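K.L.:
Just need the structure, nothing else, for what follows:
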Amino acid sequence: MGFEPVMAWQSVAQYEMACVAMLNSASVRRSTPCRTELRDAVTRLRTLTDDPFKCLAHALDVLDDEPFVAIDRATGAGFALRGTGIGDNFQLHTLLADVLIGGGHLPGEAPSAEAAAMCRNMPGQTSTTGSFDLVGVDGEWIWNEGRPADVPVVDGVRLVVLDPPSYRRNWAAGRFFPGMTADLVLERALPAEETAALLAQVADPVRR
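P.N.:
Below you'll find the model as predicted:
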């Protein structure tokens, strides 16, 4: 049998790290053949080991040029946004607050400029405070520990309802993948009738 299979198996962890490093590039992430091959490889490896390859699987789920709609339930204001390279919902939450509160579109407590920059492209992490409860169309919380890919889709876009924070939460703002630059940009404010139609599809929030 030889040592080659053993050496190959021992190099799997390094292979995962190399793949994640490669996926830091948005152009690589946008390459469908590359992502398909890596997903297939992860699927095959999972049949051979209990290791879920979480980091690589997570990197493969990062969204690019992804449309989001955020609706502030209290004011009825809705916003169309587009996100790229956002690794988790802590990062998404911080960037939503930066764009919408920091940009003067909604009232509330915005993250510092430093926290927002660290969620985009600046190295490091810094403490920030949650500005919202994030809620999905099903009325369930969108947990900060989750990923943007988990946010439910309504009418072709991922819909996030913004409620006032039910308790004070702090976390280290930054990037889940430190080498992956990210952004969330506001494309337009939604007309009132478009926002109302989307909000009508949202279940009442589940009480916690």
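K.L.:
Is Gly203 in contact with Gly139, as I believe?
P.N.:
Careful, residue 203 is Ala and not Gly. Yes: using CB atoms under 8 Å, Ala203 is in contact with Gly139, at 3.4 Å. Every C-beta, even on glycine, is put in place using the N, C-alpha and C of the backbone.
K.L.:
What count of nearby residues applies to Ser166?
P.N.:
Ser166 is flanked by 13 other residues according to other CB atoms under 10 Å.
K.L.:
Which SSE is immediately downstream of the lowest-mean-pLDDT helix or strand in the chain?
P.N.:
The helix or strand of the chain with the lowest confidence, counting by mean pLDDT, DSSP states H and E, is helix 4-10 at a mean of 57. Remark: after helix 4-10, the chain's next helix or strand is helix 12-22, criterion DSSP states H and E.
K.L.:
Put the alpha carbons of that following helix into PDB.
P.N.:
Provided in PDB are the C-alpha atoms of helix 12-22 (Å, rounded to 0.1, in the frame of the first residue of the first chain):
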ATOM      1  CA  VAL A  12      -5.900  16.800   5.200                       C
ATOM      2  CA  ALA A  13      -5.800  19.500   7.900                       C
ATOM      3  CA  GLN A  14      -3.200  21.500   5.900                       C
ATOM      4  CA  TYR A  15      -5.400  21.000   2.800                       C
ATOM      5  CA  GLU A  16      -8.300  22.500   4.600                       C
ATOM      6  CA  MET A  17      -6.300  25.500   5.800                       C
ATOM      7  CA  ALA A  18      -5.000  26.100   2.200                       C
ATOM      8  CA  CYS A  19      -8.500  25.900   0.800                       C
ATOM      9  CA  VAL A  20      -9.800  28.400   3.300                       C
ATOM     10  CA  ALA A  21      -6.900  30.700   2.500                       C
ATOM     11  CA  MET A  22      -7.700  30.400  -1.200                       C
END
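K.L.:
And the next helix or strand after that helix, what's buried?
P.N.:
For helix 12-22, the succeeding helix or strand toward the C-terminus, using DSSP H and E, is helix 26-29. Of the residues in helix 26-29, 26, 29 count as buried by neighbour count, 16 or more other CB atoms under 10 Å.
K.L.:
Domains of the chain: list them as residue ranges, please.
P.N.:
Domain assignment for the chain by automatic domain parsing gives 4-60, 66-199.
K.L.:
any idea which of these is most buried?
P.N.:
Mean neighbours per residue, mean count of other CB atoms under 10 Å, is largest over the domains of the chain for domain 66-199, with a mean of 18.
K.L.:
Please state the mean pLDDT value computed over that domain.
P.N.:
Throughout domain 66-199, pLDDT has a mean value of 96.
K.L.:
how far is that domain from where the chain is centred?
P.N.:
With CA atoms, centre = their mean, to the nearest Å as the basis, domain 66-199 stands 9 Å off its chain's centre.
K.L.:
And for stretch 30-43?
P.N.:
For stretch 30-43, the distance to the chain centre is 20 Å (CA atoms, centre = their mean).
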